[in-house]
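Engineer: Got a predicted model here, sequence first, then my questions.
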Amino acid sequence: MKHIAIGILGAAALGLTATAASAGTLDTVKQKGFIQCGVSTGLAGFSAPDDKGDWQGIDADFCRAVAGAVFGDGTKVKFTPLSAKERFTALQSGEVDILSRNTTWTINRDTALGLNFIGVTYYDGQGFMINAKKLPGVNSALQLSGAAVCVQSGTTTELNLADYFKSNKMEYNPVVFEKLEEVNAAYDAGRCDVYTTDQSGLYGIRLTLGAPADHVVLPEIISKEPLGPAVRQGDDQWYHIVKWTYFALLQAEELGITKANVEEMKASDNPEIKRVLGTEPETKIGTDLGVSNDWVVNIVKAVGNYGEMFERNVGSGSPLKIARGINALWTKGGLQYAPPIR
Amino acid sequence: MQEHDTSWVRTEMALAQQAPAGVRGPGAWVRKNLVGSVGDAILTIIGIALVVMILPQVINWAFLNAQWTGADRTFCATVAQGGIQPDGWSGACWAFVNAKFGQFMFGRYPIEERWRPILIAILFVALLVPLLIPKVPHKGLNAILFFLAMPILAFILLVGGMFGLPHVETPLWGGLLVTLSLSFVGIAASLPIGIVLALGRRSKMPIVKALCVVFIETVRGIPLITVLFMASVMLPLFLPAGVTFDKLLRALIGVSLFAAAYMAEVVRGGLQAIPKGQYEGADSLGLGYWQKMGLIVLPQALKLVIPGIVNTFIGMFKDTSLVYIIGMFDLLGVVKLNFSDANWATPQTARSGLIFAAFVFWLFCFGMSRYSMFTERRLDTGHKR
């Protein structure tokens, strides 16, 4: 009762924001005029503020892509930074419309928490980084027997590490720290030979080391961390829009549609491109979804295709320089695959 | 009649003379304070050695080698790290603080609207300074302006959405703006609430007393993190679906009530230190309860507990950083948030950012503590020793 009283008071003071989770999210979003997007409290390449304070990164750009599809304008997004603990509540309570916050897709989260993952925008996994000067000639994690490994305590990372070394019958010395900063400092100071955490994180950490060139990220991935956006369960229309925005990003890359050439591509004779870009006569793909027929054009205009989004935020266009790896399209040996848009 | 021989009596006062050379001047000060005994001498040598070892490096890092301007990480990274500095370089990356300064102060407050917090800051200083200097007249008017008019004006200006000002949602607020808003409201609200709670706890009315005791002990029994966490994570689940209310407001209420419980106990300490004679004296003059408290007891009690009150203020000022866990960014939160910007990721970034944040926090806390000492001396009329 007291909470409700405070709630009413607060609402009176600062303006009530009713998002009415029960009504269709698409209608609410259109009425609001923007998408409320839940991002992280800072993860390089995924969601981090630039010098102006605008959110940049794959996760932030994904929300811009959805805004492109819904409004034809990628700037109609408002970002809510969420801590790891409050992220699911924020989605459940309707505080955000999309949770795009480097969240690992697991069965528990998909079924028990009242949310639906729409796909995997980034295949991550636990990896190893070594100091190549201290361990010359090592190019596989299987050669790490007897190494001192820096790891953050109380994380699944620590458990995965133990499993991996045990199953490969190797010995190791864990050097365990409570805080991420301590692990970084210890590794940089040479307290251990190997650093293990999510591979995308390793690239970010490498930038803060004294001599980044000496450090190599090994190819092995020892755990699956599929990161993807999630929406509330029970709103199929919104779920479909967000899911197919992701697929459209992939399809655009597959067809070679980029931010730069999307206008020219509209004149293309290729039936597949015409279908995707909604230039086919009497197409209903977009309107059936609940958006306009040129939705893919708008998505690509907002953020480019998936490949452009990747390279700009974490790949060669960013200081992180992460290789595409398993995040390449299926046609190039990766796992990113979109069902046909037809 | 016996004659008095007064030739041995001095007829004029002896002139005051300087103390002997051995106990005055810098030499004597050094002898007394630095090398008074063998132990002192050893400590002095260790101290000087430490200063000589550390100070040049600190100055080198923070000033001489520091990079003051730059557009991205390359300015603060060595060649081996992909930057322009010579290998082996180590210096503060003030360029990072420089580039992010607007964010550190205002968070993501829209750049074209930042004149609003700046105006409030100017007003804040312009009203606070005369309030703090005892000689400036019109304290009553000044206090009304500062504690009543300014918060209302600040609310209108900062939140906007009226008088043609665009609305700025509080999730966009951040940095020092959030730190100061939280502390100002916390300080301004916790002292009166704390006084009322302290009086209530000493009240003879059982229900009032019980309510105050329960509130104080409950709030003191849980950590601030839990209060904030409840306000940000649990509260939305209790509210009707889709109804949310402002996160900053939730934090403001949480922090104020939390500080008020501590303040109540500090004030109660002061109330207990007032001798019973004062209460009885007030009673015998025929003063009512509020007159007795307002005119006789509280002025003495509050004066006694100034260090405790300021202690609570300073503690609260620093505790505002905990709003980081509910996804709000005070000064420290914004600084840490920007470590995740890959364009500025260098070995020096985190150090420089944290030192800047520490410096700003120190500036405010030191200011508060010096002013409280000044006030103590000024009000120390009855117990001067």
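Structural biologist: Now that the structure is in, tell me what you want to look at. Note that the structure is predicted; figures quoted are calculated from it, not measured.
Engineer: Identify the residues contacting the residue in the stretch 251-385 of chain B positioned nearest to chain A.
Structural biologist: The nearest approach of the stretch 251-385 of chain B to chain A comes at B:Ser340, 3.3 Å away (C-beta to the nearest C-beta). To be clear about C-beta, it is placed using only N, CA and C from the backbone, and glycine gets the same treatment. By C-beta atoms under 8 Å, 6 or more residues apart in numbering or on different chains, the residues touching B:Ser340 are A:Gly42, A:Leu43, A:Ala44, A:Ala48, A:Pro49, A:Gly204.
Engineer: Without its sequence neighbours, what residue ends up closest to it?
Structural biologist: Using C-beta to C-beta, 6 or more residues apart in numbering or on different chains and skipping residues adjacent in sequence, the residue nearest B:Ser340 is A:Gly42, 3.3 Å away.
Engineer: ditto for B:Glu376
Structural biologist: In this structure, B:Glu376 finds its nearest non-sequential neighbour in B:Ile306, 5.2 Å apart by C-beta to C-beta, 6+ apart.
Engineer: Starting from B:Asp380, give me the distance back to the one you found.
Structural biologist: Distance, B:Ile306 to B:Asp380, using C-beta to C-beta, to the nearest Å: 9 Å.
Engineer: Look at the two and report which has more neighbours.
Structural biologist: Set B:Ile306 next to B:Asp380 and count neighbours by other C-beta atoms under 10 Å in any protein chain shown: B:Ile306 wins out with 17 against 13.
Engineer: still on that earlier bit, got phi/psi on the residue nearest to B:Glu376?
Structural biologist: Taking degrees, to the nearest 10, you get phi -50, psi -50 for the backbone angles of B:Ile306.
Engineer: cool, and B:Asp283?
Structural biologist: phi -60, psi -40.
Engineer: burial of the residue lying closest to it once chain neighbours are set aside, as a residue count?
Structural biologist: Nearest residue to B:Asp283 in three dimensions, chain neighbours excluded: B:Lys292, at 6.9 Å (C-beta to C-beta, 6+ apart). Counted with other C-beta under 10 Å, residues neighbouring B:Lys292 total 19.
Engineer: and the stretch 101-250 of chain A, which residues reach chain B?
Structural biologist: Applying C-beta under 8 Å from any C-beta of the partner chain, we find that the stretch 101-250 of chain A lies next to chain B at A:Glu181, A:Asp188, A:Gly204, A:Leu207, A:Thr208, A:Leu209, A:Gly210, A:Ala211, A:Pro212, A:Ala213.
Engineer: hmm, try it at 7 Å
Structural biologist: Applying C-beta under 7 Å from any C-beta of the partner chain, one finds that the stretch 101-250 of chain A approaches chain B through A:Gly204, A:Leu207, A:Thr208, A:Leu209, A:Gly210, A:Ala211, A:Pro212, A:Ala213.
Engineer: quick one: secondary structure of the last one?
Structural biologist: Going back to what we said before, that points to A:Ala213. Three-state assignment for A:Ala213 (DSSP: H, G, I helix; E, B strand; the rest coil): helix.
Engineer: mind listing what the residue nearest to it when sequence neighbours are not counted touches?
Structural biologist: Among residues not flanking A:Ala213 along the chain, B:Ala80 sits closest, at 5.6 Å (C-beta to C-beta, 6+ apart). Residues in contact with B:Ala80 (C-beta atoms under 7 Å, 6 or more residues apart in numbering or on different chains) are A:Ala211, A:Ala213, B:Asp87.
Engineer: mind redoing it with 10 Å?
Structural biologist: B:Ala80 sits next to A:Leu209, A:Gly210, A:Ala211, A:Pro212, A:Ala213, A:Asp214, B:Pro86, B:Asp87, B:Gly88, B:Trp89 when contact means C-beta atoms under 10 Å, 6 or more residues apart in numbering or on different chains.
Engineer: Average pLDDT for the longest helix along chain B, rounded please.
Structural biologist: With secondary structure taken from DSSP state H, chain B has its longest helix at helix B:349-379. Averaged across helix B:349-379, the pLDDT comes to 89.
Engineer: what's the answer for stretch B:150-157, then?
Structural biologist: Stretch B:150-157 shows a mean pLDDT of 87.
Engineer: Need the contact partners of that stretch.
Structural biologist: Residues outside stretch B:150-157 that contact it (C-beta under 10 Å, 6+ apart): A:13-14, B:113, B:115-117, B:119-121, B:123-124, B:126-128, B:144-145, B:162-163, B:165, B:168, B:181, B:184-185, B:188.
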